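**Q** Would you be able to build a 3D model of this:
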Amino acid sequence: MLANTFYISERVWQALPADLQQVIKQASLEGRATVIAERAKRDAKALDEIRAAGVNVTQPDLAPFIDVGHQTYKELADHLGHGPGR
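**A** A predicted model of the protein is given here:
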């Protein structure tokens, strides 16, 4: 699981004008997308190198892991008091 977070105190966040809050939200989402895309490229390259070295790579069904990850995200959102994208 790849977790990307951005933290800012509620006091500082509330002191920001709405337009700057929106800019920060958008930058955070774009940063997250960039990190995810870069990680996917690195993972694919690493797997190619491992296979080229003669290692048999198996790939399990990820659905159960994804389900657990989604629950973790929900628990974090519940704990922090904020939903995704905030």
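
**Q** Look through this protein and tell me its longest helix.
**A** helix 18-52 (DSSP state H).

**Q** how far is that one from where the chain is centred?
**A** Between the centre of helix 18-52 and the centre of its chain there are 8 Å (Cα atoms, centre = their mean, to the nearest Å).

**Q** for stretch 6-20, how far is the first residue from the last?
**A** The straight-line separation of the ends of stretch 6-20 (Cα to Cα, to the nearest Å) is 15 Å.

**Q** tell me the SS of the most far-flung residue of the chain relative to its centre?
**A** When each C-alpha in the chain is compared with the mean C-alpha position (Cα atoms, centre = their mean), residue 54 comes out farthest, at 31.2 Å. Following DSSP: H, G, I helix; E, B strand; the rest coil, the label given to residue 54 is coil.

**Q** May I have the phi/psi pair for it?
**A** Dihedral angles of residue 54 (phi, psi; degrees, to the nearest 10) stand at phi 100, psi 10.

**Q** Quickly note the distance from it to residue 18.
**A** Taken as Cβ to Cβ, to the nearest Å, the spacing of residue 54 relative to residue 18 amounts to 56 Å. All C-beta atoms are positioned from the backbone trio N, CA, C, and that covers glycine.

**Q** Please identify the buried residues of the longest helix of the chain?
**A** When neighbours are counted by 16 or more other Cβ atoms under 10 Å, the buried residues of helix 18-52 are found to be 28, 32.

**Q** That one: what's the following helix or strand?
**A** Using DSSP states H and E, the helix or strand that follows helix 18-52 in sequence is helix 63-80.

**Q** Please state the offset of that following helix from the chain centre?
**A** 12 Å.

**Q** next one: phi and psi at residue 62?
**A** Dihedral pair for residue 62: phi -90, psi -10, per degrees, to the nearest 10.

**Q** Next, count neighbours for it.
**A** Using other Cβ atoms under 10 Å, residue 62 has 9 other residues around it.
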